[in-house]
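Q: what follows is a predicted structure for the sequence shown.
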Amino acid sequence: MVDPSPSLPPEDTIEASTPNPAAPTEEGSTARQLLGMKGAKSGETSIWKIRLQLMKPITWIPLIWGVVCGAASGGEFRWTPEYVLISAACMLMSGPLLTGYTQTLNDFYDREIDAINEPYRPIPSGAISVPQVATQIVVLLAAGIGVAFGLDRWAGHAFPTITALAIGGSLVSYIYSAPPLKLKQNGWLGNYALGASYIALPWWAGHALFGDLTWKIVVLTLFYSLAGLGIAVVNDFKSVEGDRQMGLKSLPVMFGITTAAWICVLMIDIFQGGVAAYLMAIHQNLYAVLLILLIIPQITFQDMYFLRDPLKNDVKYQASAQPFLVFGMLVTGLALGHAGL
């Protein structure tokens, strides 16, 4: 789904980097290329590997996890072969299909800025033609919406909730990447769209599949997505120079490196803390304590790595701190399912 979304905003995602991305090392470069990570080598000739690189499989993981959290909060998931297969179909929709659509779309509209930041990527390097990219975008979008419709039929929805989420997320992905709106040009709107796509949209899809999607779940996950906004900002530090040249108003460009780093970590910590407070308010105290215990190591890694040098340590920080964030999401999903919201 936005990636994040169902279809999720885009390349501003969890990616690794190398000291010289324009000339990445050979060791490990093939795997990095297939995953769509920064620092991948150029020169790949297999069209299917190039297509996979455009879809950036590394970015599917948060969306797949969001479906798991939504299924947990829905409260009606059962460990049967049928339910497991349906869950896998929802993950396919949110990850490979709609996030793949989003990433491919973003690469298409970002080909000029990628020529500055990541010239080895498939489109600026000429490894794939524009008509081939357009075909991939259409096929992934159609397949994602088709799977969403099938999930609605399985769930017996009178209103096609999951299909609506898939279409809505795909629209957010489009206006995130494409002119004239191009939300990513605005650091606040773009990063919130990204955060909501990676947290709220797949969560809603998983919850709707195994429960009733209520306004309380919608509001709480949108609130949680403000922490996702902070996570999205982390990815802006890797492309400050290109963003500045192309006129994109990312937070590091607008506020400077140090201030943007503080905005980033405060958004991550404050809004997760707010979710923990809500869990206490609905008497899910054990889950609230677990969530707080997961926030503490994030703060530690923020001080150890990110705040000291966000340009150098962004990937190291993500690798060390992100697992605590995603497990915190699952704890919250389990709490909401237990509370019957």
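A: All right, it came through fine. Residues are numbered from 1 along each chain as shown.
Q: how about residue 212, secondary structure?
A: Put simply, residue 212 is coil when judged by DSSP: H, G, I helix; E, B strand; the rest coil.
Q: any idea of the pLDDT on it?
A: pLDDT for residue 212: 94.
Q: which non-adjacent residue is nearest it?
A: residue 74 (8.0 Å; Cβ to Cβ, 6 or more residues apart in numbering). Using the backbone N, CA and C atoms, a C-beta is placed for each residue, glycine as well.
Q: what about the one you found, how many residues nearby?
A: 22 (other Cβ atoms under 10 Å).
Q: ok, now residue 84?
A: By other Cβ under 10 Å, the residues close to residue 84 number 12.
Q: please, which helix or strand holds it?
A: helix 81-92 (DSSP states H and E).
Q: which helices and strands does that helix pack with?
A: helix 60-74, helix 130-155, helix 187-209 (3 or more Cβ pairs under 8 Å, 6 or more residues apart in numbering; DSSP states H and E).
Q: other SSEs contacting whichever helix or strand comes after the second one?
A: Spelled out, that is helix 130-155. The element immediately downstream of helix 130-155 (helix or strand, assigned by DSSP H and E) is helix 161-177. Packing partners of helix 161-177 (3+ Cβ pairs under 8 Å, 6+ apart): helix 98-109, helix 130-155, helix 187-209.
Q: and helix 161-177, which residues are buried?
A: Using 16 or more other Cβ atoms under 10 Å as the test for burial, helix 161-177 gives 161-170, 172-177.
Q: got the contact list for the nearest residue to residue 313 once chain neighbours are set aside?
A: Using Cβ to Cβ, 6+ apart and skipping residues adjacent in sequence, the residue nearest residue 313 is residue 305, 3.9 Å away. By Cβ atoms under 8 Å, 6 or more residues apart in numbering, the residues touching residue 305 are 313, 316-317, 320.
Q: most neighbours out of those, which is it?
A: residue 317 (25 neighbours).
Q: now do residue 316 against residue 65, distance only.
A: Per Cβ to Cβ, to the nearest Å, residue 316 is found 21 Å from residue 65.
Q: if you could redo that for residue 241, that was the one I meant.
A: 31 Å.
Q: related to what we said a few turns ago, looking at this, the residue nearest to residue 313 is in a strand?
A: No - going by three-state DSSP, the assignment for residue 305 is helix, not a strand.
Q: quick one: buried residues of the helix or strand where residue 294 lies?
A: Residue 294 belongs to helix 285-301 when assigned by DSSP H and E. Applying a neighbour-count criterion of 16+ other Cβ under 10 Å, one finds 287-288, 290-292, 294-295, 298, 301 buried in helix 285-301.
Q: gap between residue 296 and residue 253?
A: For residue 296, the distance to residue 253 (Cβ to Cβ) stands at 31 Å.
Q: same check, this time on residue 93
A: 34 Å.
Q: who has more neighbours, those two?
A: Between residue 93 and residue 253, residue 93 has the larger neighbour count (other Cβ under 10 Å), namely 31 against 20.
Q: my guess is the more buried one meets residue 201, correct?
A: No - taking contacts as Cβ atoms under 8 Å, residue 93 lies outside contact range of residue 201: 10.8 Å.
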